[in-house]
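**Student:** Pasting the sequence and the predicted coordinates here, then a few questions.
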Amino acid sequence: MDKTQGSKSRPFPVTTLFKQERKESERVQVTYRIPALLYISENQTFLAFAEKRKTADDTDADVLVMRKGIWKDDGVEWDSQELLSSACQANRRCMNPCPVFERESKTLFLFFITVPVGVSEHKQIHKNKNQARLCYITSKDTGKTWSAVTDLTADVIGEQEKDWATFAVGPGHGVQLKSGRLIIPAYVYPCRSHNCKATSCAFALYSDDKGSTWRLGKRMDGESNECQMAEIIDDKGVSTLYCNARTTLGYRTEALSYNSGQDFATVLSPNKLIETGNGCQGSVLSFLQQSDPPITYLLYSHPSNPENRVDLGLYLNKTPLDSSGWSDVPAMILHHGPSAYADLVEHEPGRFACLMECGIEHENEEIAFLLFELPAKKL
């Protein structure tokens, strides 16, 4: 099953799924970034996605790749890497994989954006000219075959595009609510005047017809960038959509939607979730603690150092509608040392998996997969 042993930097056995490749001169040839993870319980399949890049730079992103893992005998057996060629578009790079599974039609949606080769996010913001496209591909057979690309930009963003400097989805997993609504987290940089600082805003892209049509939710108030969302079910069965977003403010932005992503009416007061440096993506996941009645908890992964992308921490909130409920210190460290973007899933009740950027000297050396359970004393 291609496992490596635990070590000081890796307290759990892990599997390296995507590894940076170097030439003899030690110059980077290929780098993998931006992990996204999905688990489909019906056939016990993990799907791990990433960007394959020519270098670690965002502007050198190229194509999306995938590895499929099957749960067998308390471990995961991984297939070889696949290039998602149906997502490719001529002279455009694919970025920000964001998968979601529609449980009734058993359709896997992989959302992403495409951007012209060589066009940076900064250039789009500076020129107030969006060149990103909102796209997805679908699979009905757990990633064995994929549809052609659907470009939603004109139908979903439409006339609003003239007011957008650029945008992106996720990155990381989307969610399907108990109502059946599909949610894709996203963020946008609105066009700005010459003297204004560019500030991004998170929002939800959602569908109520199994992914046939999609709508834009209202932008969140306040700075919010790369984001993930999770559904919180209270003891009365009421659903609230939670958003956790990257910022440059030194702390994370957290917000609540009471209408399943149409807007985020409540932006929570900054509390315990400290942002790292100029910001880093984080993953958030809701799960049911087995009790009577079941209680929703939140898990959140992010580098635990306030200055550098190191020591990927896992945080727990037992009162998820209250941002003060986050644990003061990580419930555990998933990787000691350089680490950055990650994505969390629950694959069985109380059993979780993480796909993470990590390394010994640099956080972009590889993307690794691990399975873990929360310590009983933390629950």
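**Tutor:** Done, it's in.
**Student:** ok, the least confident helix or strand in the chain by mean pLDDT: who's next to it in the sheet?
**Tutor:** Here the helix or strand of the chain ranked lowest by mean pLDDT, DSSP states H and E is strand 21-22, holding a mean of 80. Counting by DSSP bridges, the strands paired with strand 21-22 are strand 28-40 (antiparallel).
**Student:** Could I get the buried residue list for the strand it pairs with?
**Tutor:** Neighbour-count burial for strand 28-40 flags 28, 30-40 (criterion: 16 or more other Cβ atoms under 10 Å). The way it works is simple: take the backbone N, C-alpha and C, and place the C-beta from them, glycine included.
**Student:** what packs against the longest strand belonging to the chain?
**Tutor:** When the chain is scanned for its longest strand (criterion: DSSP state E), the result is strand 332-348. On a contact count with 3 or more Cβ pairs under 8 Å, 6 or more residues apart in numbering; DSSP states H and E, strand 332-348 meets strand 28-40, strand 283-289, strand 295-303, strand 310-317, strand 351-358, strand 366-373.
**Student:** between the third one and strand 310-317, how big is the angle?
**Tutor:** So that's strand 295-303. 170 degrees (axes from the mean of the first three to the mean of the last three Cα atoms, to 10 degrees).
**Student:** Out of the helices and strands packed on strand 332-348, flag the one nearest residue 99.
**Tutor:** Nearest of the helices and strands packed on strand 332-348 to residue 99, taken as Cβ to Cβ: strand 28-40 at 4.4 Å.
**Student:** ok, then the element right after that closest one?
**Tutor:** Downstream of strand 28-40, the next assigned helix or strand under DSSP states H and E is strand 45-53.
**Student:** and the direction of the helix or strand just after that following strand versus that of strand 28-40, what angle?
**Tutor:** Sequence order places strand 61-72 as the next helix or strand after strand 45-53, per DSSP H and E. Here the directions of strand 61-72 and strand 28-40 differ by 40 degrees (the same axes, to 10 degrees).
**Student:** In TSV: the helices and strands packed on strand 332-348, plus distance to residue 239.
**Tutor:** Output for the helices and strands packed on strand 332-348, formatted as TSV (distance: least, Cβ to Cβ, whole Å):
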stretch	distance to residue 239
strand 28-40	21
strand 283-289	10
strand 295-303	10
strand 310-317	17
strand 351-358	22
strand 366-373	26
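**Student:** Residue 55: which of those strands is closest?
**Tutor:** Closest among the helices and strands packed on strand 332-348, using Cβ to Cβ: strand 28-40, at 5.3 Å.
**Student:** Would you mind checking the average pLDDT for the closest one?
**Tutor:** When pLDDT is averaged along strand 28-40, the result is 92.
**Student:** Of the helices and strands packed on strand 332-348, which is nearest residue 56?
**Tutor:** Proximity to residue 56 (Cβ to Cβ) singles out strand 28-40 among the helices and strands packed on strand 332-348, at 4.5 Å.
**Student:** then the closest one to CSV, C-alphas only?
**Tutor:** Taking C-alpha atoms only, strand 28-40 is exported to CSV below (Å, rounded to 0.1, in the frame of the first residue of the first chain):
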residue,chain,number,x,y,z
VAL,A,28,12.7,22.1,-9.8
GLN,A,29,11.1,20.4,-12.8
VAL,A,30,7.7,19.5,-11.6
THR,A,31,5.8,20.5,-8.4
TYR,A,32,2.4,19.4,-7.1
ARG,A,33,0.3,21.9,-5.2
ILE,A,34,-3.3,22.6,-4.0
PRO,A,35,-4.6,19.3,-2.6
ALA,A,36,-8.3,18.4,-2.7
LEU,A,37,-9.7,15.2,-1.2
LEU,A,38,-13.0,13.4,-1.5
TYR,A,39,-14.3,10.1,-0.1
ILE,A,40,-17.2,8.2,-1.7
